[in-house]
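> Requesting a structural model of the entry that follows:
(2 chains)
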Amino acid sequence: MKTFAAPVAGAIGFILLWQVAVWLRVADPILLPPPSEAFTDTWAALTRGTLALDTWRTVQRTMLSFLIATVIGVPLGVALGAKESVYRSVEFVVDFFRSTPASAMFPLFIVLFGPGESTKIAVAAFGAALVILFNAAYGVINARRTRVLAARIMGASGPRIMADVLVWEALPQILVGMRAGVSLALVIVVVAEMFIGSTDGLGHRVINAQMLFESGLMYGTIFVAGALGYALNLLFLLIEKRFVHWAGR
Amino acid sequence: MSIPPREAAISIRGLRKAFGGQPVYSGFDLDVRRGDILAIFGPNGCGKSTLINMAAGLLPMDGGTILYDGRDVADVRVGYVFQNYREALFPWRRAADNIRYPLRLMGLPKSEIERRVERLAASFRVRFDLHRYPYELSGGQQQLVSIMRALAVEPEVLFLDEPFSALDYETTLSLRDLLQAVLKEIGVTTLLVSHDLEESIVLADRLLMLTRRPTTVADDVPVALPWPRGTAALSSPGFVAIKARCLDVFQAAVAA
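Numbering: from 1, shown residues only, chains lettered A, B, ... in the order given. Coordinates of the predicted model:
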């Protein structure tokens, strides 16, 4: 119970601070409604409005782009990492596009995929795939040399070493990459929902609420997006703990 | 020490190896008798590990030959125990699965694999749970699992690269006793690299003292002490005499 006490206290403190700001009229009540109003508006949107569907659509898009990113990024990263000289030659390109804000690529992807659903998925998948690829490659490159030698001396062939040692050695790092990748995919999807012709999704709901001065709903939607990102991160942390029990030991 | 060709399990001829233009071996010859435990001892950086890594086929040679009954190392069943057990075992496999791994690579039937694991566990009087993951075991237990994994394939030659140097003295003593009993029982030809003189003498049939680079043999010491060599053997007159001789040679080799 003690582990929950501190974060709960922090959250209550945050809400109190918000309430105090409302009492002190730090901002116009239209722009900064009390937390209770934000909660009721959000609850109404969740139960009677479209917010639940919006959340579900964002989850769908994030998961789909994350899935595509994983299917491309993990095998490619492992293969590149196994040939370090090859990875060094593409490293600059990977690092460059990894550092490029994905939002700057929207126009390019709209040209390639049209102003619809596939563009949102493609940009998010692209951004996440680079992060996953980079982590998978480094996981393989940093594989303990002794373990590879041990497998070789026991008679393991190149492909066996890949499947029995390198992939396992890289797995902790691959999962770190997947965790970073899913967070990035969510960020890109929400931004894409704001600006690339959307009719649903959390990004669309936030910007719509803002334009219609539905401040309570806007704050609520932001918190839903935050909770989603937090939950995804937590989920992947749990998966890491469960599946790479040996990491760091 | 000249060994008739028919008794030699390992013949090294004209071995050459250089690192960055610095020769480590330039024309090194060695024969190892079948079933012997040969300890290799020498100053730091003289290329002890380099020698067994080349013999095990982990490191390319610049020249010369290392043959096992006329065969290349690729055609020989070898076992290798690394100094760093933590990085040599597979932490994603349970201890028993680590031992089974080379046997599965060989394609042995399940019953034979289990038979060998059980026999090894009995030989080494294993009392801990082999169903655990390596990181759940103590350092000594992990190195014991490494040794069992190396011996599971029933190797023709066993390489031990400073197998006890990461363990405390108490663990080293008990593991040493177990290892010598098993090695003598199965009679596997063994190359042991060590930087511990006492350990080298206790475990070896023959002790090879190496000089600094370029490496040559400073002394080739037969260790004819009776087996088993427990803690009491460490203070026997025979042991003390050999140790004194080796220390003299070592000091001369380092000073040279």
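> A:Phe66 versus the residue positioned nearest the centre of chain A, what's the distance?
For chain A, the residue nearest the mean C-alpha position is A:Ser183 (1.3 Å; Cα atoms, centre = their mean). Using Cβ to Cβ, to the nearest Å, A:Ser183 is found at 10 Å from A:Phe66. Where you see a C-beta, it was placed from the backbone N, CA and C, and this is true even at glycine.
> So for stretch B:232-251, mean pLDDT?
Here stretch B:232-251 scores 89 as its mean pLDDT.
> same check, this time on stretch A:57-68
For stretch A:57-68, the per-residue pLDDT averages 96.
> before we move on, what about stretch B:57-76?
In this model, stretch B:57-76 has a mean pLDDT of 91.
> who touches residue 37 in this structure?
Just going to use chain A. Listed by Cβ atoms under 8 Å, 6 or more residues apart in numbering or on different chains, the contact set of A:Glu37 reads A:Gly216.
> meant chain B, my bad for not saying
Counting by Cβ under 8 Å, 6+ apart, B:Ile37 makes contact with B:180, B:183, B:189-190, B:192, B:203-206.
> coming back round to it: quickly find the element holding the residue nearest to the centre of chain A.
Assigned by DSSP states H and E, A:Ser183 falls within helix A:167-195.
> Now do the domain split for chain A, please.
What automatic domain parsing lists as the domains of chain A is A:1-32, A:35-243.
> hang on, I meant chain B
Residue ranges for the domains of chain B, per automatic domain parsing: B:1-76+B:156-256, B:81-155.
> Can you tell me which of those domains is nearest to A:Arg147?
domain B:81-155 (6.2 Å; Cβ to Cβ).
> Quick check: B:Asp29 is in a helix.
No: with DSSP: H, G, I helix; E, B strand; the rest coil as the criterion, B:Asp29 is assigned strand and is not in a helix.
> That one: neighbour count?
B:Asp29: 12 surrounding residues under other Cβ atoms under 10 Å in any protein chain shown.
> And for A:Phe97?
Neighbours of A:Phe97 using other Cβ under 10 Å come to 14.
> where's it, which helix or strand?
Assigned by DSSP H and E, A:Phe97 belongs to helix A:84-99.
> Just want the angle from that helix to helix A:167-195.
Here helix A:84-99 runs at an angle of 20 degrees relative to helix A:167-195 (axes from the mean of the first three to the mean of the last three Cα atoms, to 10 degrees).
> can you list the residues that contact the helix or strand following helix A:84-99?
Per DSSP H and E, the first helix or strand lying C-terminal to helix A:84-99 is helix A:106-113. Helix A:106-113 has contacts (Cβ under 8 Å, 6+ apart) with A:119, A:122-123, A:126, A:192, A:195-196.
> from those, which two are the most distant?
In those, two members sit farther apart than any others by Cβ to Cβ. They are A:Phe126 and A:Phe195, at 16.3 Å.
> Counting neighbours, go ahead and name the busier of those two.
With neighbours defined as other Cβ under 10 Å, A:Phe126 and A:Phe195 compare such that A:Phe126 has more, 21 against 14.
> Next, B:Pro228: phi, psi?
B:Pro228 adopts backbone torsions of phi -70, psi 160, taken as degrees, to the nearest 10.
> sorry, that was for B:Gly107
According to degrees, to the nearest 10, B:Gly107 has phi 80, psi 30.
> On the three-state scheme, B:Ile40 is what?
Classification of B:Ile40 using three-state DSSP returns strand.
> picking up where we left off before, do you know which of the domains of chain A lies nearest B:Ser235?
Of all these, it is domain A:35-243 that lies closest to B:Ser235, at 36.1 Å by Cβ to Cβ.
> Now the strand or helix carrying A:Thr119: average pLDDT?
Taking DSSP H and E as the definition, A:Thr119 sits inside helix A:117-141. If you average the pLDDT over helix A:117-141, you get 94.
> Do whichever helix or strand comes after it and chain B come into contact?
Of the helices and strands lying after helix A:117-141 in sequence (DSSP H and E), the nearest is helix A:145-153. Yes: Helix A:145-153 is in contact with chain B by Cβ under 8 Å from any Cβ of the partner chain, via A:146-147, A:149-150, A:152-153.
> quick one, helix A:145-153 and helix A:167-195 angle?
Going by the same axes, to 10 degrees, helix A:145-153 makes 120 degrees with helix A:167-195.
> I'd like the average pLDDT over helix A:145-153.
93.
> cool, stretch B:198-214 as well?
90.
> so for stretch A:240-249, what's the average pLDDT?
pLDDT averaged over stretch A:240-249 gives 85.
> Dump it to CSV, keeping only the CA atoms.
Output of stretch A:240-249 as CSV, limited to C-alpha atoms (Å, rounded to 0.1, in the frame of the first residue of the first chain):
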residue,chain,number,x,y,z
GLU,A,240,10.1,-6.7,-19.8
LYS,A,241,10.2,-7.9,-16.2
ARG,A,242,8.3,-11.0,-17.1
PHE,A,243,10.1,-12.1,-20.3
VAL,A,244,13.7,-10.9,-19.8
HIS,A,245,14.0,-12.0,-16.2
TRP,A,246,17.8,-12.4,-16.7
ALA,A,247,18.4,-8.8,-17.8
GLY,A,248,21.2,-7.1,-15.9
ARG,A,249,22.0,-10.2,-13.8
